[in-house]
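Trainee: Next input, structure requested:
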Amino acid sequence: MSGHGNPIKMTARRSGALKGVAEVPGDKSISHRALILGALSVGETRVSGLLEGQDVLDTAAAMRALGAEVVQHGPGSWSVHGVGVGGFAEPEAVIDCGNSGTGVRLVMGAMATSPITATFTGDASLRKRPMGRVTDPLALFGARAYGRRGGRLPMTLVGAADPVPVRYVTPMPSAQVKSAVLLAGLNAPGQTVVIEREPTRDHSERMLRGFGAELTVEDAPEGRIITLTGQPELRAQSVAVPRDPSSAAFPVCAALIVAGSDILVPGVSQNPTRNGLFATLVEMGADITFENPREEGGEPVADLRVRASELTGIEVPPDRAASMIDEYPVLSVVAACANGTTVMRGVKELRVKESDRIDAMARGLEACGVRVEEDEDTLIVHGMGTGAVPGGAICASQIDHRIAMSFLVLGLATQRPVSVDDGSPIATSFPVFEALMAGLGAQIERDA
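Mentor: As a prediction, this is how the structure comes out:
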């Protein structure tokens, strides 16, 4: 399946109970960062469990273009021979980051304080997404960006020849922005400080420390203060990538809404900055148990036992948004199958993801017979109860992997099949989605 190829129409039909073990892929956020920090280190970094979705493969290609040696040795097993902080070479061609907002923003940050120039582009979806939220703080280091109107790709970034450290308050909760600034700070002298009013996923902080950077985190009245000392010599590491909670969300939510289901999803990251969905589902009445808690690759993980449940709508706390921003689409599917109303506030960041995810989910759910309300920062879903959603619609995926997978999960529990007009973007983050869901007994098929 390729997010860059011809559209693939897919249909999900009401399924019998889902059973078995769902071995979801490695975490996408950690996979991106492992490749980038490996490229900025001295020596050979070995990565196991790397997600081999198109988004991560595009970041691997970007690291090669910037001079690192990136080699695949087997499924999920990769090595990166780094060039050291400040060692990136100027790429000979345009860097195509495909569908990945995380990839392009982190790579921009990593190269912004080196005296090189690079041009970035992406697919139709990525070319619509705003880059100013990253290029504005990178300009404080001395980098210059030249892009299309509205700060959109294609964009040329001229790295700072004499970078200066910055103190930056993030204007919105965004791990991508924070991480881009921290990566840029690696090659700036002195201390770069990022202040988050709302905490976001902390994979960059954990991994930077693991690679030998001097980094401190302090909670203060003004927010979470992250201080990075620039120009370290990062040391190559062995990185074991835990399984992606954003990918695990799909079999977990499917099992909750398909009657009689009982599945195990092993080794899922339980990083507290990423586990908002699971906390929300438990509050809705989900039967989820967290077995065998342990640590892998510096991240807390657990095995998730999930059984079909009678769910009740809730109001999701707005301050939870940053810890589950990618999971709201599939949560809205669960909300449609719950009893009562689920209110999701503080979610305006969804409007600038791979698609306007609030609009995409609202229109698709309405087409399937679900009553939905929305405003700029809110999505409200009026649940219909287990097995009561009519379905029968063809939903637009908007070139967005999470929208496509969310509606396919919905179709497993609706009265009539649910189709998506294009399932090809699923390959960007979850290339084994079809096979994994089929192994659990889900009825999802490609239309001829």
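Trainee: The closest residue to Ile380 other than its chain neighbours: which element?
Mentor: Spatial nearest neighbour of Ile380, excluding adjacent residues (Cβ to Cβ, 6 or more residues apart in numbering): Glu373 at 4.1 Å. Using the backbone N, CA and C atoms, a C-beta is placed for each residue, glycine as well. Secondary structure assigned from DSSP states H and E places Glu373 in strand 371-375.
Trainee: Spatially nearest residue to the residue lying farthest from the centre of the chain (excluding sequence neighbours)?
Mentor: Computed with Cα atoms, centre = their mean, the residue of the chain farthest from its C-alpha average is Asp162, at 32.4 Å. Spatial nearest neighbour of Asp162, excluding adjacent residues (Cβ to Cβ, 6+ apart): Gly142 at 6.4 Å.
Trainee: now swap in Ser29 and tell me
Mentor: Excluding the flanking residues, the one nearest Ser29 by Cβ to Cβ, 6+ apart is His203, at 5.1 Å.
Trainee: residues contacting the one you found?
Mentor: Asp27, Ser29, Ile30, Arg33, Ala175, Ser179, Asn271, Thr273, Glu299 (Cβ atoms under 8 Å, 6 or more residues apart in numbering).
Trainee: Most widely separated two among the residues you listed?
Mentor: Ser179 and Glu299 (15.6 Å; Cβ to Cβ).
Trainee: Would you mind pointing out the helix or strand the residue farthest from the centre of the chain falls in?
Mentor: Judged by DSSP H and E, Asp162 forms part of no helix or strand.
Trainee: ok, how many other residues are close to the residue lying closest to Glu374 once chain neighbours are set aside?
Mentor: Once flanking residues are discounted, Glu374 sits nearest to Ala362: 5.0 Å by Cβ to Cβ, 6+ apart. Residue neighbour count, defined by other Cβ atoms under 10 Å, stands at 19 for Ala362.
Trainee: returning to that earlier point: and the residue farthest from the centre of the chain, what pLDDT?
Mentor: In this model, Asp162 is scored at 97, pLDDT.
Trainee: hang on, it packs against Phe141?
Mentor: No: contact criterion Cβ atoms under 8 Å: Asp162 and Phe141 do not qualify, at 9.7 Å.
Trainee: What segments of the stretch 151-300 of the chain are helices?
Mentor: Listed in chain order, the helices of the stretch 151-300 of the chain (DSSP state H, counting those that start in this stretch) span 175-185, 203-210, 245-257, 276-283.
Trainee: In terms of secondary structure, what does the last one contact?
Mentor: Contact analysis of helix 276-283 by 3 or more Cβ pairs under 8 Å, 6 or more residues apart in numbering; DSSP states H and E lists helix 245-257, strand 287-296, helix 328-336 as its packing neighbours.
Trainee: What sits closest to His206 if chain neighbours are left out?
Mentor: I think there's a mix-up here, since residue 206 is Arg and not His. Among residues not flanking Arg206 along the chain, Gly298 sits closest, at 5.4 Å (Cβ to Cβ, 6+ apart).
Trainee: again, but for Ala393
Mentor: Spatially, and ignoring its direct neighbours in sequence, Ala393 is nearest to Ala367 (3.6 Å; Cβ to Cβ, 6+ apart).
Trainee: With Arg307 instead?
Mentor: Asp287 (4.2 Å).
Trainee: Quick one: residues contacting the residue nearest to Ala393.
Mentor: Each residue near Ala367 by Cβ under 8 Å, 6+ apart is listed here: Ala393, Ile394, Cys395.
Trainee: Mind listing the residues bridging to Arg371?
Mentor: His382 (DSSP bridges).
Trainee: so it sits right up against His382, yeah?
Mentor: Yes: between Arg371 and His382 there is a contact at 4.2 Å, judged by Cβ under 8 Å.
Trainee: Between the two, point out the one with more neighbours.
Mentor: Neighbours per residue, other Cβ under 10 Å: of Arg371 and His382, the larger number sits with His382, 16 against 13.
Trainee: Could you verify my assumption that that one touches Leu365?
Mentor: No: using Cβ under 8 Å, His382 makes no contact with Leu365, being 9.6 Å away.
Trainee: what sits in contact with each of these two?
Mentor: Jointly contacting His382 and Leu365 under the rule Cβ under 8 Å, 6+ apart are Val372.
Trainee: can you list the weak-confidence ranges in the stretch 151-300 of the chain?
Mentor: Low-confidence segments of the stretch 151-300 of the chain (pLDDT under 70): 297.
Trainee: now do 90
Mentor: Residue ranges of the stretch 151-300 of the chain with pLDDT under 90: 295-299.
Trainee: re earlier: okay, Ser179 and Glu299: which has more neighbours?
Mentor: More neighbours surround Ser179 than the other of Ser179 and Glu299, with 29 against 21 (other Cβ under 10 Å).
Trainee: tell me the contacts of that one?
Mentor: Arg33, Arg105, Leu106, Gly109, His203, Ser204.
Trainee: how does it look with 10 Å?
Mentor: 29, 32-33, 36, 102, 105-106, 109-110, 134, 194, 200-205, 207-208 (Cβ atoms under 10 Å, 6 or more residues apart in numbering).
Trainee: Only whichever of those are buried, select them in PyMOL.
Mentor: Buried members of those, defined by 16 or more other Cβ atoms under 10 Å, are picked up in PyMOL with:
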select buried, resi 29+32+33+36+102+105+106+109+110+134+194+200+201+202+203+204+205+207+208
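Trainee: can you tell me how far the closest residue to Thr192 other than its chain neighbours sits from Arg345?
Mentor: Leaving aside its sequence neighbours, Thr192 sits nearest to Gly185 (Cβ to Cβ, 6+ apart; 2.9 Å). Distance, Gly185 to Arg345, by Cβ to Cβ, to the nearest Å: 33 Å.
Trainee: So for these two, which residue has more residues nearby?
Mentor: In this view Gly185 and Arg345 are compared by other Cβ under 10 Å, and Gly185 has more residues nearby, 31 against 17.
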